[in-house]
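Asker: The sequence and its predicted three-dimensional model are supplied below.
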Amino acid sequence: MPDQRRQHGRRLAGLLASVAALLGVGLLLSACSLVAGAGQPSAAPTSRSAADAYNAAMTLTYSGKCQQAIPVFLEALTKNPIYVNAYSGLGNCYQAIGSFNEAIAEYDKAIQLDPTGYGLYMQRAGAEYNNGSGGSAIADLNTALRLAPPQAVTYASIAAAYDSYVDFADAVKAYTLAIQKVPGNPSFYEQRAQVYLQMEDATRAYADYRTAIEVSPTTAVRATVYSDLAGAYQGQGDYASALAAVRQAIQLLPNTARFYATAGDIQRDAGDYTQALGSYDHALRLVSKGPDAEKAHEGKGDVFARQGRQALAIAQYRAALKLVAASDTTTKSRVQGKITSVQSGQSQ
């Protein structure tokens, strides 16, 4: 299940941001009025209030400037040592810069002040897991699940955390709770299906995809789920079923370039290069820019590389590179790596 496993790093990297969004942490939060905790950080006094310092620190955090935000969080805590959100924000910044022990210490202080704040346990779990304490991270997620409000989005967020920490059984349980709250949401079935695939339980995964298709509220959503199901079959090496699924997506939305590019990828992996090139060309007739066009050019490059047609492969990879967003360094690096491999005589 390489596609699902590659998603692990992305989900883990984005987990902290999703937790912050779930908790509603924003720039207008004011100081908490809970009981005082031990250990009061010191910082140079200024004329601004703790809340103003906190808001300034959060602005720096949202701008990706955690190193600059840390002393401002400390300033807020000097002025209000029972400011739970400031401890949490400080912990997030320490975690962002890789200072996991320091992050855990700040989350400990926040939890001492607010022992029922389920999101704090989720944040601490992230630092613990990244610090090599998987058992402690799972224990914190268990506490978060017990304290969490009975809301589908909350359960799904905790499920994603379990998944990121490779606790698939608990991830399934949490997604199931989300589904029980909102049985008509196809995304929850898809997310649980991805976990099942990582558990090598394809039968349950495909069943979840089928349910997601059944409950899809619109044609566009249904087509997307069919395409996702095709990717799941492709990851399992079942190319016939993958093609059947993506063709269902194409039938529902026949002018969607992404689906033709997906069909091309499946045909490429199945070794049907002629059909793959036809699907990629169809995608490129529909779009000439954007990620779908990039995918089609890259796919054509893969086919030519496997056929030993190096010049054509390099030309397609270079066409793909021109379409990659400047900020998408991952895709740029991948495609450039393919060019280098072809130039050195290696096939994709």
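Answerer: Yes, it's here. Numbers count the residues shown, from 1 in each chain.

Asker: residues touching the closest residue to residue 220 other than its chain neighbours, list them.
Answerer: Using CB to CB, 6 or more residues apart in numbering and skipping residues adjacent in sequence, the residue nearest residue 220 is residue 253, 6.5 Å away. The way it works is simple: take the backbone N, C-alpha and C, and place the C-beta from them, glycine included. The neighbours of residue 253, taking CB atoms under 8 Å, 6 or more residues apart in numbering as the test, are 219-220, 223, 259.

Asker: farthest pair in these?
Answerer: 219 and 259 (12.7 Å; CB to CB).

Asker: the more surrounded of the two?
Answerer: residue 259 (28 against 10; other CB atoms under 10 Å).

Asker: Remind me what the particular helix or strand that has that one in it packs against, helices and strands.
Answerer: Under the criterion of DSSP states H and E, residue 259 resides in helix 257-270. Using 3 or more CB pairs under 8 Å, 6 or more residues apart in numbering; DSSP states H and E as the contact test, the elements touching helix 257-270 are helix 219-235, helix 239-252, helix 273-286, helix 290-306.

Asker: So what touches that helix?
Answerer: 223, 227, 230-231, 234, 239, 242-243, 246-247, 249-250, 253, 273, 275-280, 282-284, 286-287, 292-293, 295-296, 299-300, 302-303, 306.

Asker: rerun that using 7 Å as the cut-off
Answerer: Helix 257-270 is contacted by residues 227, 230-231, 234, 239, 242-243, 246, 249-250, 253, 275-276, 279-280, 282-283, 286-287, 292, 295-296, 299, 302-303 when judged by CB atoms under 7 Å, 6 or more residues apart in numbering.

Asker: Report the buried members of these.
Answerer: 227, 230-231, 234, 239, 242-243, 246, 249-250, 253, 275-276, 279-280, 282-283, 286-287, 292, 295-296, 299, 302-303 (16 or more other CB atoms under 10 Å).

Asker: is it true that residue 70 touches residue 92?
Answerer: No. With contact defined as CB atoms under 7 Å, residue 70 does not count as touching residue 92 (10.3 Å).

Asker: What ranges does the stretch 101-250 of the chain have for its helices?
Answerer: Using DSSP state H, counting those that start in this stretch, the helices found in the stretch 101-250 of the chain span residues 118-130, 134-147, 152-164, 168-181, 186-198, 202-215, 219-235, 239-252.

Asker: Mind putting the ones you listed into CSV with mean pLDDT and distance to residue 75?
Answerer: As requested, the helices of the stretch 101-250 of the chain are exported to CSV (pLDDT from 0 to 100; distance: least, CB to CB, whole Å):
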stretch, mean pLDDT, distance to residue 75
helix 118-130, 97, 21
helix 134-147, 97, 28
helix 152-164, 97, 30
helix 168-181, 98, 37
helix 186-198, 98, 40
helix 202-215, 97, 48
helix 219-235, 97, 47
helix 239-252, 98, 53
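
Asker: deepest of those, which one?
Answerer: helix 118-130 (a mean of 26; mean count of other CB atoms under 10 Å).

Asker: With just CA atoms, put it into PDB.
Answerer: The C-alpha coordinates for helix 118-130 follow below in PDB (Å, rounded to 0.1, in the frame of the first residue of the first chain):
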ATOM      1  CA  TYR A 118      -8.800  17.300  25.200                       C
ATOM      2  CA  GLY A 119      -7.000  19.300  22.500                       C
ATOM      3  CA  LEU A 120      -4.000  19.800  24.800                       C
ATOM      4  CA  TYR A 121      -3.600  16.100  25.100                       C
ATOM      5  CA  MET A 122      -3.600  15.800  21.300                       C
ATOM      6  CA  GLN A 123      -0.900  18.500  21.100                       C
ATOM      7  CA  ARG A 124       1.200  16.800  23.700                       C
ATOM      8  CA  ALA A 125       0.800  13.500  22.000                       C
ATOM      9  CA  GLY A 126       2.400  15.000  18.800                       C
ATOM     10  CA  ALA A 127       5.400  16.100  20.700                       C
ATOM     11  CA  GLU A 128       5.700  12.800  22.500                       C
ATOM     12  CA  TYR A 129       5.500  10.800  19.300                       C
ATOM     13  CA  ASN A 130       8.000  13.000  17.600                       C
END
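
Asker: Any idea how far that helix is from the middle of the chain?
Answerer: Helix 118-130 has its average C-alpha position 17 Å from the chain's average C-alpha position, going by CA atoms, centre = their mean, to the nearest Å.

Asker: Give the other helices and strands that it contacts.
Answerer: When contacts are defined as 3 or more CB pairs under 7 Å, 6 or more residues apart in numbering; DSSP states H and E, helix 118-130 packs onto helix 2-23, helix 84-96, helix 100-113, helix 134-147, helix 152-164.

Asker: Kindly reformat those as CSV containing distance to residue 189.
Answerer: Listed next are the helices and strands packed on helix 118-130 as CSV, based on distance: least, CB to CB, whole Å:
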stretch, distance to residue 189
helix 2-23, 15
helix 84-96, 31
helix 100-113, 32
helix 134-147, 20
helix 152-164, 11
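
Asker: closest to residue 324 out of these?
Answerer: Shortest distance between residue 324 and those, using CB to CB, is found for helix 2-23: 17.1 Å.

Asker: From the structure, what's the count of residues near residue 326?
Answerer: Residues near residue 326, counting by other CB under 10 Å: 6.

Asker: can you give me phi and psi for the residue lying closest to residue 169 once chain neighbours are set aside?
Answerer: Nearest residue to residue 169 in three dimensions, chain neighbours excluded: residue 199, at 7.8 Å (CB to CB, 6+ apart). With angles defined as degrees, to the nearest 10, residue 199 sits at phi -80, psi 0.
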